[in-house]
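Colleague: The following block contains a protein sequence and its predicted model.
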Amino acid sequence: MLLCPSMMCADYGNLRSEVQELDAAGADMFHCDVMDGSFVPNIAMGLMDIKAVRSATEKPIDCHLMIEHPARSIDLFLDAGVDLIYIHPESERYCVKTLAAIRDGGAKAGIAINPDTSIPSIEELLNVVDYVMVMTVSPGFAGQAFIEFTKDKIARLAELKHRYGFTLTVDGACSPERIAELSGLGADGFILGTSALFGKGDYAQSIKALRALHA
């Protein structure tokens, strides 16, 4: 089970030490949310933030691009040493080309699926992705309530991952209880924010407890 701390929730006054502590605690991948204030109404994590995370760990870093026309910025994130880039199908006219550019640049390619994005509308893209991330909240803000009907989407994608060969992750309101439930439905990894990790005490203890849910 991949456990990926959402660095949008970290203490930015101590970002380097936060990354190092999470690394030592057993985090698998560092999740960086990039928002442009247009595709979503919030602004979060710039390129320098991602470079700061990169300099503090050798673990993989993923970027969740909640931005318009991500193809224009892919090279910037690849040059920053990002290992996985998620884009939203709604944000780009030629998604297959953009996903190919991510792979050609040496990173894994992923798509993020909003609660109101149907599986049939993105199924063709499953041929060219390494990761699929299901949003169980609307993108753009931490601390939202879990949207129940997204569980059906996770279960359906868990069936499709064996056909297409992608890794299935979940982002949004991932509490320990939800992680146990969704892991049972076939999710491979979880983005950890305020529902399961940040503000919950010792990182190592929290991550150990979450891993035990999958034992």
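Modeller: That came in fine, so what should we check first? Numbering: from 1, shown residues only.
Colleague: Please count neighbours and contacts with C-alpha atoms only from this point.
Modeller: Will do.
Colleague: Could you list every helix and strand in contact with the longest helix along the chain?
Modeller: Secondary structure of the chain read by DSSP state H shows that its longest helix is helix 150-164. Judged by 3 or more C-alpha pairs under 8 Å, 6 or more residues apart in numbering; DSSP states H and E, helix 150-164 is in contact with strand 131-135, strand 167-171, helix 176-185.
Colleague: what comes into contact with the following helix or strand past the longest one?
Modeller: By that I understand helix 176-185. Tracing the chain past helix 176-185, the next element assigned as helix or strand by DSSP states H and E is strand 189-192. Under the criterion C-alpha atoms under 8 Å, 6 or more residues apart in numbering, residues 1-6, 31, 167-172, 174, 179, 183, 198 lie in contact with strand 189-192.
Colleague: Mean neighbour count added to the helices and strands packed on helix 150-164, as JSON lines?
Modeller: Formatted as JSON lines, the helices and strands packed on helix 150-164 follow (neighbours: other C-alpha atoms under 10 Å):
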{"stretch": "strand 131-135", "mean neighbour count": "24"}
{"stretch": "strand 167-171", "mean neighbour count": "23"}
{"stretch": "helix 176-185", "mean neighbour count": "18"}
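Colleague: what would the ones you listed look like in a markdown table with distance to residue 66 and mean pLDDT?
Modeller: Compiled in a markdown table, the helices and strands packed on helix 150-164 are given as follows (distance: least, C-alpha to C-alpha, whole Å; pLDDT from 0 to 100):
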| stretch | distance to residue 66 | mean pLDDT |
| --- | --- | --- |
| strand 131-135 | 12 | 98 |
| strand 167-171 | 13 | 98 |
| helix 176-185 | 23 | 96 |
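Colleague: and of those, who's closest to residue 142?
Modeller: Nearest to residue 142 among those is strand 167-171 (10.1 Å), distances taken as C-alpha to C-alpha.
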